[in-house]
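Visitor: For reference, the sequence and a predicted model appear below.
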Amino acid sequence: MQNAIEWYRLLTGVQLTVKEKILISKEVLAEAIRGIKKITSFDLCVSDETGATIAGTFTPDVACLNDIVSFLASGQDVLEDEERCFVKIKYNGGHLTGVVTLEGRGDDKAKVASLAALQICQLYEAYDRGTVVSDYINNLLLGKILPTNIDSDARAVGLEPNLRRDVCIIVAGDDYASEVKDAIKGMVERYDDFYVVSVEHGRIVIVTSAIENDFEKEAREIFNELNKDKQMAYHIGFGRPVDTIGELPEAYREAVTAVEVCETFYPDRQVISYDRLGLGRLIINCPNDLCEMFLKEHFDKSAIEKIDEETFNTVNVFFENSLNISETARKLFIHRNTLIYRLNKLQKMVGLDVKKLDDAITFKVSVMVYKKYMEEKKKSV
């Protein structure tokens, strides 16, 4: 067993291994409390939500136990007198978990007791199974677990390695990332097989069993609920289901690709799956030098930059209506001659007559390649 100072350091930020996190015991808590006493000289006792003693550097007498039980039933979070200080331990959304009792005299005993309660919460957090599983999944998706350890570590945190699972990414606005993650956790807490992790800033990942749940339907419902009152989430991308836990990183990369395709080519679409990306899946993985070569073959990049929003919108509606001039004009509420004028104007700018199928395909692909090329240029700046 590590000494008290080491456990105190552990409480304040040292990373734990999977096995260390699972091995929490009363002795671990006792070591932490002894470490705090060694630093502060105050005696402390930790009780659970019923008042039963878990660990401490002193044993509460009957009078003290009665005071602890009374304090737990009170509406106060901190209670201090000349001899003692009581601080409630609230964890996992503010739920009452227990109480820290500090014995001794001194003006700073409330601060020390509060610090002890905070650090015990951090210890609970470190050893909480949900957090352990989330840490495991987070490290797995980021490639931080050796392939030879994936299955054994999964079993160590209570996950079955050979189980069909789904992955999706919900993209939240920068100002809402924490709020979205907390909201999702609240929505799925009734399920045993939903795990919510933050892998990258603004991207919240959900991993769940694909055996019984209609995951995509449920994820869409979660996404819609997040945006019911205000838009907190922008896109949701799905990877394909996988049969083993070792394949989750691939499903995650597919979900990332789905999100990137959505952000780059279809910003107005909210939900997208990897197996329904179409042309975007090919172009998003195209190297930038090939993108530049493709654009040079057809027209200069500056030609696309000159196309105004009205013309782009016209062409998009034209494509959506299968190059049908009459139907497109009707959808845009314009005369067919006005539509033809706009399309001819585009032809003069880029040298492609989108009224012809071959040129329409070339233009559509070129615009997508250009968007991908510019997105990569922005990332490299």
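Guide: On my side now, so go ahead. Residues are numbered from 1 along each chain as shown.
Visitor: Low-confidence stretches in this structure?
Guide: Scanning the chain for pLDDT under 70 picks out 1-26, 92-94, 125-130, 189-192, 210-213, 300-301, 379-381.
Visitor: what distance separates the start and the end of stretch 284-293?
Guide: 15 Å (Cα to Cα, to the nearest Å).
Visitor: Give me the contacts around it.
Guide: With contact meaning Cβ atoms under 8 Å, 6 or more residues apart in numbering, stretch 284-293 is reached by 257, 260-261, 264-265, 277, 283, 294, 301, 369-370, 372-373, 376-377. Using the backbone N, CA and C atoms, a C-beta is placed for each residue, glycine as well.
Visitor: please redo it, this time with the cut-off set to 10 Å
Guide: With contact meaning Cβ atoms under 10 Å, 6 or more residues apart in numbering, stretch 284-293 is reached by 257-258, 260-261, 263-265, 277, 283, 294, 301, 366, 368-377, 380.
Visitor: Same question for stretch 172-183.
Guide: The contact list for stretch 172-183 (Cβ under 10 Å, 6+ apart) reads 93, 170-171, 184, 196-198, 200-205, 222-223, 225-227, 230-235.
Visitor: Next: stretch 328-336.
Guide: Residues beyond stretch 328-336 that count as contacts (Cβ under 10 Å, 6+ apart) turn out to be 310, 313-322, 324-327, 337-343.
Visitor: wait, is residue 161 part of a helix?
Guide: No: membership of residue 161 in a helix is not supported by DSSP: H, G, I helix; E, B strand; the rest coil, which gives coil.
Visitor: Surely it touches residue 152?
Guide: Yes: the pair residue 161 / residue 152 is scored as a contact, 8.6 Å apart, by Cβ atoms under 10 Å.
Visitor: what ranges do the helices span in the stretch 1-150 of the chain?
Guide: Ranges of helices within the stretch 1-150 of the chain are 4-11, 18-22, 26-40, 62-73, 109-127, 129-141, 150-156, based on DSSP state H, counting those that start in this stretch.
Visitor: Would you tell me which of those helices gets closest to residue 49?
Guide: helix 62-73 (6.7 Å; Cβ to Cβ).
Visitor: For the residue positioned nearest the centre of the chain, pull up the helix or strand it's in.
Guide: Residue closest to the mean C-alpha point of the chain, counted by Cα atoms, centre = their mean, is residue 204 at 1.8 Å. Secondary structure from DSSP states H and E places residue 204 in strand 203-209.
Visitor: which strands and helices sit next to that strand?
Guide: helix 129-141, strand 165-172, helix 177-188, strand 194-200, helix 215-226, strand 233-238, helix 248-265 (3 or more Cβ pairs under 10 Å, 6 or more residues apart in numbering; DSSP states H and E).
Visitor: can you do 6 Å?
Guide: strand 165-172, strand 194-200 (3 or more Cβ pairs under 6 Å, 6 or more residues apart in numbering; DSSP states H and E).
Visitor: Please name the strands paired to that strand in the sheet, noting orientation.
Guide: strand 165-172 (antiparallel), strand 194-200 (antiparallel) (DSSP bridges).
Visitor: and the longest one, how far from the chain's centre?
Guide: The offset between the C-alpha centroid of strand 165-172 and the centroid of the whole chain comes to 8 Å, using Cα atoms, centre = their mean, to the nearest Å.
Visitor: I'd like the strands paired with strand 203-209 laid out as JSON lines, including distance to residue 58.
Guide: Output for the strands paired with strand 203-209, formatted as JSON lines (distance: least, Cβ to Cβ, whole Å):
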{"stretch": "strand 165-172", "distance to residue 58": "47"}
{"stretch": "strand 194-200", "distance to residue 58": "40"}
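Visitor: Kindly state which of the helices of the stretch 1-150 of the chain is positioned closest to residue 355.
Guide: helix 129-141 (46.5 Å).
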